[in-house]
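1. From the sequence below, what's the structure:
(chains A and B)
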There are 2 protein chains.
Amino acid sequence: MDGAEVAKMLLDEINPENIRENLRQLTKKPHLAGTEADKEMADYVKSVWDTQGMETTRIVPYDVLLSYPDPEKPNLITILNSDGTDYFQSQPEESKLDEGDKHNDTVFPFNAYAPAGVVEGELVYVNYARAEDFKQLEDLGVNASGKIVIARYGKIFRGDKENQAWLRGAKGLILYSDPADYAIEGSSSVYPDSWYMPPSGIQRGTVFRPMGDPLTPGYPATETAFREKYEDSELPNIPVQPIGYGDAIHILREMAGDAAPDEWSGGLNVTYKLGPGLVNNRNIKLDVNNRLQRNTTFNIIGTITGSLEPDRYVMIGNHHDAWVFGAVDPSSGTAVLLELSRVMTKLVMEVNPAPLWMCPVKIFLASLVKSIISSALQANGALAVTIVFCSWGAEEYGLIGSTEWVEEFTRPLVERAVAYINIDIAVQGNFTFRGKATPNLYNALYDATKAVPDAPFEGHSSNVYDTWLRRMKDNNLNVPYISNVGSGSDYAVLLSRLGVPAVDLRYTYDPASGLAGYPLYHSMYETFYLVNDILDPSFEYHRVIARVCAELARNLADSLILPFKASDYAFKMRRSLDGPDGLKEAYEEKMATRGLSFDAIDIALNYFTAAGQALEAKILHKRYGDSPFAVRKVNDQLMLMERAFIDPQGLPNRPLVRHIVFAPSSKDGYFGDTFPGIMDLMYDIENGMDNDSKWAELEKHMSVIAFTIQSAANTLVEVGELHARP
Amino acid sequence: MDGAEVAKMLLDEINPENIRENLRQLTKKPHLAGTEADKEMADYVKSVWDTQGMETTRIVPYDVLLSYPDPEKPNLITILNSDGTDYFQSQPEESKLDEGDKHNDTVFPFNAYAPAGVVEGELVYVNYARAEDFKQLEDLGVNASGKIVIARYGKIFRGDKENQAWLRGAKGLILYSDPADYAIEGSSSVYPDSWYMPPSGIQRGTVFRPMGDPLTPGYPATETAFREKYEDSELPNIPVQPIGYGDAIHILREMAGDAAPDEWSGGLNVTYKLGPGLVNNRNIKLDVNNRLQRNTTFNIIGTITGSLEPDRYVMIGNHHDAWVFGAVDPSSGTAVLLELSRVMTKLVMEVNPAPLWMCPVKIFLASLVKSIISSALQANGALAVTIVFCSWGAEEYGLIGSTEWVEEFTRPLVERAVAYINIDIAVQGNFTFRGKATPNLYNALYDATKAVPDAPFEGHSSNVYDTWLRRMKDNNLNVPYISNVGSGSDYAVLLSRLGVPAVDLRYTYDPASGLAGYPLYHSMYETFYLVNDILDPSFEYHRVIARVCAELARNLADSLILPFKASDYAFKMRRSLDGPDGLKEAYEEKMATRGLSFDAIDIALNYFTAAGQALEAKILHKRYGDSPFAVRKVNDQLMLMERAFIDPQGLPNRPLVRHIVFAPSSKDGYFGDTFPGIMDLMYDIENGMDNDSKWAELEKHMSVIAFTIQSAANTLVEVGELHARP
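-> This next block holds a predicted model:
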């Protein structure tokens, strides 16, 4: 059996009906992190894997700090008359709209980790609560300091909204979902008639910005771990509460002050005003009763040990905790994961005791390696490398399960992880496949999507790649657009702390639709009904994601030489410097006034580029040597190249975010910056910190970038040349 | 040819006469770091290697901050009469005592990086200027604050003397070599009649405590590196100057105050007094004119690329810079290094094109691996793994060349370095071989010394090990004593920053002699004459060191499975906790008063111990698998285990010292602490910082230690078990 046959077996075996049934099981009740149902979910995933024949399965618990609303005392927003009496009060919870929407265990809408507190005062509307919104607001003469602010969801991670509001001195934050962002066809067509947000729908979500357990930064939250005091942690600072637009309209229509700029106006039938304050001397009161609670979260880790290189890991992960039913986030991904694990374990079992699975290329291409590998396989049978399935806990609170586990197993992961494939939401629309990835994986991702048929519906091409290329073309390039890996899901810590190449797979809606996300995101209405009846009734889009993941994993596990491309990495870095909207265009002139330039970075990047090209030429012409050790050597160079972008000293002012080239933006955790340190420091310089010490920080960081790129190049050059320099 | 034959070839080929001639060449003139002669030395080493047939040789420069005395204006110590006139002035330089002692380029005696300054005032005698000396001084009612202090050399690293003096508020420090520590047979027998320090001899040396270039901590001092400002660096704070005991006696005999405690009295014929002050209202003046200067230092790196695993490095290093002639420090080591490189390159060339060298064990023991390896060798010929020869620059200033190079090549070294063998001073006496090492290497070092004949002189056993065991037995154990790796030489950064197993080899004098070091250390009298006529006329002790290094390198490069022993590591850690003078004995009781215990560390250590034993049992019974990948897997586990003790966040208050188990002591850089973080924090607690925040630091650090030991265990357990926990 050769690689193509193995690939075909995998693709053929993936069954959308299984994914549907998985999803039905997974969404029967809410399974919020730290609850009894969450533990049941962990047990369920483990039992499924055990039944499927997974080689090892383990539940790995962490004792972490979580946050819950008071079940007796919902968080409320009240408009107070000038005499102190209530004028209006927000709904404590979402309305039941369809069979199966509501369950006794549905958690009240809240923003996790927002501190408890009652604040009262004037209201200011701050659009999306981005840094630029607050700046514009100040230019308009409105100061948010000492006020309660109301912002619409969208554009950036909500934790950064809290942070921006706090930085500007706001004492409370109200978040709501505006129809312009979540119900673009208006109230005529909303859930349960469509996938749009109904007036009562509320987006839950964390406002904690760092990754992992708040009390154990940098170390795993095991029993014996040291816990920081609350006041030493980076917990959010001001009360925050989300509401639906059915409530928001009552508040917004009462606002005083000037009309907001046109582009700040949402889809509600009111005149959006900035404030400060409400008409008739009314005030707003924000009453948040959230409680912090140490609780256990569970990761489930399943492995199929590789027979040839058991110490090389291809990881596939998805989280299992959900705000409520989580039919889209994350159970669409969990449903796919469980089908993937079934197919992979089945194949391994079936080909045993003639276990050629996942090794054919290694066998047939490498003549010298052949006899050794055959012997090894005949002795053991199984996969060439170890496949690690990860079902993460408490992702919704801040990527907590994955971060703690990665912190605990940093050493083996740094040494052995080939790549991490993430599926969080598998399907949030039916427009096109989309990927986020480190450039190392661009090529492998393109190859996988070329090998997988797209969903068989009108408007879709015969393979995933073609639809993707047509519907989401990268500007100026004839390839589909792949965005950077930020911190929206569990890939974050693997890439940004450890330098493990990471990719995130999803089927999505049309980005031109203007939606801020799929509309029912984190609401109670993320139900099985939503997916089964509205979003993907055939589960064909789910099948696409499962197949792309299977083919990508196969390629990573199966190729004699890893399909990583340093040249793509080089190109991406070069483009982010020199390309349109690149760093040079943005900052070069201003930097020159301080005598700073990109010269050293340019030189290092040219060296890296040449080193990558030289290595790839060697691989292309099979001039990497002819022993298993030579194969391992070149694979180690490829695998460890991304690690070289990790600086143990971390990014400026973010010691635990260590990837110098790609990291979550400080201004929007969902977004992945390229050269984040430059972005952050130039932001500071351009926003009130244009001083010697900040410029010195930038100068130092730019020398660190040049050094780090050179370090990565040193991983790629011929291994005897460890004294190379540009 | 099997392993034993290869070993024999190596040992037979090493020729003491070559080492003698090497040393003669190397010591012709002073070769201080950053001088023209230093560059000539670098060129010389490179040319020797090129002539020998080294595969690649490169000179790798760094632009670093060095320190020199003013050649026009020597540093002086003056006793001033109460009317301000001079009563006594120290000698600006050492006296010429023998042909070849003195050269025009001899640098004035000075302490590198001690700031320039003129300070004047009362004098206080502080014995060795250790923390405990200052404490005792305070108990005796004498305060060093605002005073100039005089201390004798010995016991601890001189940089820590400066630091202690500065911490206690002293405004200047005079260092001298007391006969009790450096001329124990008295003035009747000193250089050039013996190896003891003459009255005019002065020990130079750095007082910079961190490792590497002071201006580029953590990053290589390349052209584009960012330089810290002087005031942000960790440069020494107070003027310091060394003098000989010929001068010191004039100062000490003038001192006022109470007599010093008996054990503070040295070997001079005066009554040692504490001060403060001198008799007759005389004062002391310290006039230091040192200058900081950016300068180039050069490392020379030579490699013999391995044919089988070129991406595995066995490193052998020695520095080439010297304070003056450096016949002992470091040229005795350089002379050995150049003979080693000759022998190794010669063997490689001779066995080509039948290049079995260094691979026989791999070939003959691993039946499955055999054909592959043979083919690989026949194709390329050469060594199994890459041997990296390192000739470091500017070691004397603070391990600068090695640290900068390690900082530049951190990534490839972390990924590929098997071990680092250091030879600084090769021979400083004729009593016994001695080693410093990480426990990983204890066993390999014992094996190497068993395989090498000792010097053929009376009192010496037939092999190195037996003499060593007899003359330097480890208390309570029937093995020779191996001390911890501190920061006395270039191994420091490799072990304490990167976690590369390191070993230091030396032939030494009798530690019971009471000497603080070999007497002429860092003086002008470290001449070829000293070594050739007094210390090792036959160069047999030099041969021993060369042979032990060759055999150790062969074993590390040649064994099918690396000869690392996690069980020795476990035992060493356990002993440092539970053994006599262990951490529990010292601190357990006091910790209990704060609810702290060693329980979590004990549990992790037991787990580590079991994991190490299980792996070693597998290796013993050859149950590690039967493919080259399986061999590589287990070797990676062994090689990378020590890396797992590295915490990127570093030790408490020492972010760039990252090895949790072994690090240079904060109180004496020469000494290697076990669990240095506990030592430091308990020291603080017991010396005035017994407060909640310090105890919290300790509690956190102890949880980090437990976690880190667990991390190391995770490297050892079966690679599929990455979710293991005790």
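2. Correct me if wrong: A:Glu17 contacts A:Ser538.
-> No - the criterion here is CB atoms under 8 Å, and A:Glu17 misses it with A:Ser538 at 9.6 Å. For glycine as for every other residue, the C-beta is placed from the backbone atoms N, C-alpha and C.
3. which of the residues in the strand or helix carrying A:Tyr683 are buried?
-> If you go by DSSP states H and E, A:Tyr683 is part of helix A:676-686. Neighbour-count burial for helix A:676-686 flags A:Pro676, A:Gly677, A:Ile678, A:Met679, A:Asp680, A:Leu681, A:Met682, A:Asp684, A:Ile685 (criterion: 16 or more other CB atoms under 10 Å in any protein chain shown).
4. Which positions in the stretch 1-150 of chain A make contact with chain B?
-> With CB under 8 Å from any CB of the partner chain as the criterion, the stretch 1-150 of chain A meets chain B at residues A:Glu55, A:Thr56, A:Arg58, A:Val60.
5. Which helix runs longest in chain A?
-> helix A:692-716 (DSSP state H).
6. Is chain B within reach of that helix?
-> Yes - Helix A:692-716 is in contact with chain B by CB under 8 Å from any CB, via A:696, A:699-700, A:702-704, A:706-707, A:710-712, A:714-715.
7. Run through the neighbouring helices and strands of that helix.
-> helix A:566-578, helix A:599-620, helix A:628-641, helix A:676-686, helix B:400-408, helix B:410-416 (3 or more CB pairs under 8 Å, 6 or more residues apart in numbering or on different chains; DSSP states H and E).
8. Quick one: distance of that helix to the chain centre.
-> Taking CA atoms, centre = their mean, to the nearest Å, one finds the center of helix A:692-716 at 26 Å from the center of the full chain.
9. now swap in stretch A:533-548 and tell me
-> Remark: stretch A:533-548 is offset 20 Å from the chain centroid, using CA atoms, centre = their mean.
10. Could you list the buried residues of that stretch?
-> So, applying 16+ other CB under 10 Å, buried residues of stretch A:533-548: A:Leu535, A:Asp536, A:Phe539, A:Glu540, A:Tyr541, A:His542, A:Arg543, A:Val544, A:Ile545, A:Ala546, A:Arg547, A:Val548.
11. so can I have JSON lines of these showing pLDDT?
-> Shown next, in JSON lines, are those (pLDDT from 0 to 100):
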{"residue": "A:Leu535", "pLDDT": "98"}
{"residue": "A:Asp536", "pLDDT": "98"}
{"residue": "A:Phe539", "pLDDT": "98"}
{"residue": "A:Glu540", "pLDDT": "98"}
{"residue": "A:Tyr541", "pLDDT": "98"}
{"residue": "A:His542", "pLDDT": "98"}
{"residue": "A:Arg543", "pLDDT": "98"}
{"residue": "A:Val544", "pLDDT": "98"}
{"residue": "A:Ile545", "pLDDT": "98"}
{"residue": "A:Ala546", "pLDDT": "98"}
{"residue": "A:Arg547", "pLDDT": "98"}
{"residue": "A:Val548", "pLDDT": "98"}
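12. ok, which of the residues you listed also contact chain B?
-> Applying CB under 8 Å from any CB to those, none is adjacent to chain B.
13. Among these, which lie within helices?
-> Judged by DSSP H, helices contain the following of the buried residues of stretch A:533-548: A:Glu540, A:Tyr541, A:His542, A:Arg543, A:Val544, A:Ile545, A:Ala546, A:Arg547, A:Val548.
14. Of the residues you listed, which is the nearest to chain B?
-> If you rank those by distance to chain B using CB to the nearest CB, A:Ala546 comes first, at 24.3 Å.
15. So the closest one sits against A:Ile19, correct?
-> Yes - assessed by CB under 8 Å, A:Ala546 is found in contact with A:Ile19 at 6.7 Å.
16. Find residues that contact each of the two.
-> Shared contacts of A:Ala546 and A:Ile19, defined by CB atoms under 8 Å, 6 or more residues apart in numbering or on different chains, comprise A:Val336, A:Glu339.
17. what's near enough to touch the closest residue to chain B within the stretch 1-150 of chain A?
-> Nearest residue of the stretch 1-150 of chain A to chain B: A:Arg58, at 4.6 Å (CB to the nearest CB). Neighbour list for A:Arg58: A:Lys46, A:Ile300, A:Ile301, A:Gly302, B:His723 [criterion: CB under 8 Å, 6+ apart].
18. From the residues you listed, list the buried ones, please.
-> A:Lys46, A:Ile300, A:Ile301, A:Gly302, B:His723.
19. Now for those: which two are most distant?
-> The span of these, defined through CB to CB, is set by A:Lys46 and B:His723 at 11.8 Å.
20. Pull up the gap between A:Tyr128 and B:Ala129, please.
-> To B:Ala129, A:Tyr128 is 62 Å away according to CB to CB, to the nearest Å.
21. And A:Val361, what's its pLDDT?
-> Here, the pLDDT recorded for A:Val361 equals 32.
22. Give the residue spans of chain A that score low on pLDDT.
-> A:1-3, A:187, A:351-383, A:626, A:723-724 (pLDDT under 70).
23. what domains does the record give for it?
-> A:3-66+A:294-558, A:70-289, A:566-721 (automatic domain parsing).
24. Rebuild those as a markdown table, extending it with distance to B:Gly205.
-> A markdown table is the format used below for the domains of chain A (distance: least, CB to CB, whole Å):
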| stretch | distance to B:Gly205 |
| --- | --- |
| domain A:3-66+A:294-558 | 37 |
| domain A:70-289 | 37 |
| domain A:566-721 | 30 |
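25. Please identify the most buried of those domains.
-> Highest mean neighbour count of the domains of chain A: domain A:3-66+A:294-558, a mean of 22 (counted as mean count of other CB atoms under 10 Å in any protein chain shown).
26. Secondary structure class of the residue nearest to A:Trp166 when sequence neighbours are not counted, three-state.
-> Spatial nearest neighbour of A:Trp166, chain neighbours left out: A:Asn237 (4.5 Å); criterion: CB to CB, 6 or more residues apart in numbering or on different chains. Secondary structure state of A:Asn237, per DSSP: H, G, I helix; E, B strand; the rest coil, is coil.
27. Show me where the stretch 51-200 of chain A has its strands.
-> Ranges of strands in the stretch 51-200 of chain A, per DSSP state E, counting those that start in this stretch, are A:56-68, A:76-80, A:86-89, A:111-112, A:117-121, A:123-125, A:148-152, A:172-176.
28. Who are the packing partners of the fourth one?
-> Counting contacts by 3+ CB pairs under 8 Å, 6+ apart, the secondary-structure elements packed against strand A:111-112 are strand A:56-68, strand A:205-206, strand A:240-243.
29. who wins for proximity to A:Gly317 among these?
-> Once these are compared by CB to CB, strand A:56-68 is nearest, at 12.8 Å.
30. so what strands line up beside the closest one?
-> Strand A:56-68 has its sheet partners listed here by DSSP bridges as strand A:291-304 (antiparallel).
31. Could you give the separation of the partner strand from the chain centroid?
-> Between the centre of strand A:291-304 and the centre of its chain there are 18 Å (CA atoms, centre = their mean).
32. that older thread, and the helix holding A:Tyr683, does that touch chain B?
-> No - for helix A:676-686, no contact with chain B is found by CB under 8 Å from any CB; the gap never falls below 12.6 Å.
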